[in-house]
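Novice: build me a model from this:
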Amino acid sequence: QPKRKAAFGSVGRRIPYRILHIINQDGESLGNMHRADALRLMDEHGLKLVLLRENAEPPVYRLMTGQQIHEEQLKRAEKKKASPKPGMYIKELSFSSAIGKNDLETKTKQIAQWIEKKHHVKVTIRQAK
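Specialist: Sure, this is the predicted structure:
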């Protein structure tokens with residue numbers, strides 16, 4: 001069989017654990033079972049085993065259809081886009097509304113450099129007297 005792309009966690013037959021906690025495609029717990037029993041169940045229903053929580057004891061796997069796996073990947077991609085990236089900085093610059101022309105040009109250049117470096121920039125303008 002051709003190799004399939006791994007979705008999230010491990011998908012398919014390569015399961016390093018002997019005892020697994022299985023959840024069916026409807027979200028109901030089937031309890032703990034041996035790896036061979038889980039693989040047999042997977043084959044009988046034409047589903048795939050997907051690792052949900054590796055740190056749990058025993059690790060939690062879910063039986064999923066290809067469509068469910070695809071939808072889960074899309075959800076996780078959206079979450080990843082929405083979360084702030086590590087190393088992302090918010091630069092803040094504030095100045096008075098009575099700022100001099102040269103000072104304004106200097107600060108504008110600084111803002112342009114920050115934007116080129118993919119920083120988020122917050123500009124605050126204070127009202128002069």
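Novice: and the residue nearest the centre of the protein?
Specialist: Central residue of the chain (C-alpha atoms, centre = their mean): Lys80, 3.6 Å from the mean position.
Novice: tell me the domain boundaries of this structure?
Specialist: Residue ranges for the domains of the chain, per the TED database: 19-82, 90-126.
Novice: so which of those is the most packed in?
Specialist: Counting by mean count of other C-beta atoms under 10 Å, domain 19-82 has the highest mean neighbour count of these, with a mean of 14. Every residue, glycine included, has its C-beta placed from N, CA and C.
Novice: next structured bit after the host helix or strand of the residue nearest to the centre of the chain?
Specialist: Lys80 belongs to helix 66-82 when assigned by DSSP states H and E. Per DSSP H and E, helix 66-82 leads on to strand 90-96 as the next helix or strand towards the C-terminus.
Novice: could you list the paired strands of that following strand along with their orientation?
Specialist: In the sheet, strand 90-96 lines up against strand 120-126 (parallel) (DSSP bridges).
Novice: which residues are contacting the strand it pairs with?
Specialist: Contact with strand 120-126 is made by 88-97, 111, 114-115, as judged by C-beta atoms under 8 Å, 6 or more residues apart in numbering.
Novice: ok, now stretch 90-103?
Specialist: By C-beta under 8 Å, 6+ apart, the residues outside stretch 90-103 that reach it are 104, 107, 110-111, 114, 119-129.
Novice: ok, those residues vs Ile69, which is closest?
Specialist: Here the nearest of these to Ile69, counting by C-beta to C-beta, is His120; it sits at 33.5 Å.
Novice: return the distance of the closest one relative to Ala128.
Specialist: Counting by C-beta to C-beta, to the nearest Å, the separation of His120 from Ala128 is 26 Å.
Novice: if I read this right, Leu41 contacts Lys48, doesn't it?
Specialist: No. Contact between Leu41 and Lys48 fails when scored by C-beta atoms under 8 Å: they sit 11.4 Å apart.
Novice: return every residue with contacts to both of those two.
Specialist: Common neighbours of Leu41 and Lys48 (C-beta under 8 Å, 6+ apart) are Leu63.
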